[in-house]
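> based on what follows, work out the 3D shape:
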Amino acid sequence: MINLDKINPQFDINNIDPAQLVKLLSDNQKIVVSVIAIVALVIAGSMFNDFHAKASSLHAQMTQEQSKLDAIKARDTAVNDLNSFKAAIPKELTVFDLVTLISNFAKSNNVTIASYTPSQTKDMGLYDEIDVHFDLASDDFKAMMIFLKQIERSKYPVMIHSWIGHEDDSGKIIFKIAISAMLIHP
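Okay, here's the model as predicted:
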């Protein structure tokens, strides 16, 4: 144990004599070393706690920033996927292009177009929908089916909504089709 009674009470702070200070420190060497050690441990503990608090705060900020980077990467991936999807969609198809496409399919399958009726374009949000109705005739059922398959397999976003037909007295197949095409908004 440290004996506190050994400290000289005659020490005057206003009148500091270096020799007297050295004598006081050497007489109370154990106490001075103990105080210095305790002060050093308190300072080291305080520095460690500050470092630990700053490190925890920095780690939390890094985690938040990583979450933001992950969200940005996910958004960029989604944008790239959307752009790839849009690039894969065939170019714009107008009503005239649609009629020309159907006319070419009809000609290659010996199907006769009696008339067509374009309807108004409908805005569906991301795309516009064009509807066209055709009155057609074919010499045989097989040619009509090949014609319909060509429309459905077109490289353009075209689909047959409905078709109805019958055979007339001369053996010709008379049919009507309703076709829709999509125009993707840029």
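> mind giving me the domain split of the protein?
The record's domain parsing of the chain by automatic domain parsing lists 1-88, 95-184.
> please, where are all the helices along this structure?
Assigned by DSSP state H, the chain shows helices spanning 18-27, 29-88, 95-108, 141-152.
> next, the angle from the second one to helix 18-27.
It refers to helix 29-88. Put simply, helix 29-88 runs at 80 degrees to helix 18-27, going by axes from the mean of the first three to the mean of the last three CA atoms, to 10 degrees.
> what of the third one?
Here helix 95-108 points in a direction 40 degrees away from that of helix 18-27 (the same axes, to 10 degrees).
> who are the packing partners of helix 95-108?
Counting contacts by 3 or more CB pairs under 8 Å, 6 or more residues apart in numbering; DSSP states H and E, helix 95-108 packs against strand 111-118, strand 127-138, helix 141-152, strand 173-184. (Glycine included, C-beta is placed from N, CA and C.)
> same check, this time on the shortest one
Helices and strands touching helix 18-27, by 3+ CB pairs under 8 Å, 6+ apart: there are none.
> where in this protein is pLDDT low?
1-16, 21, 89-92, 185-186 (pLDDT under 70).
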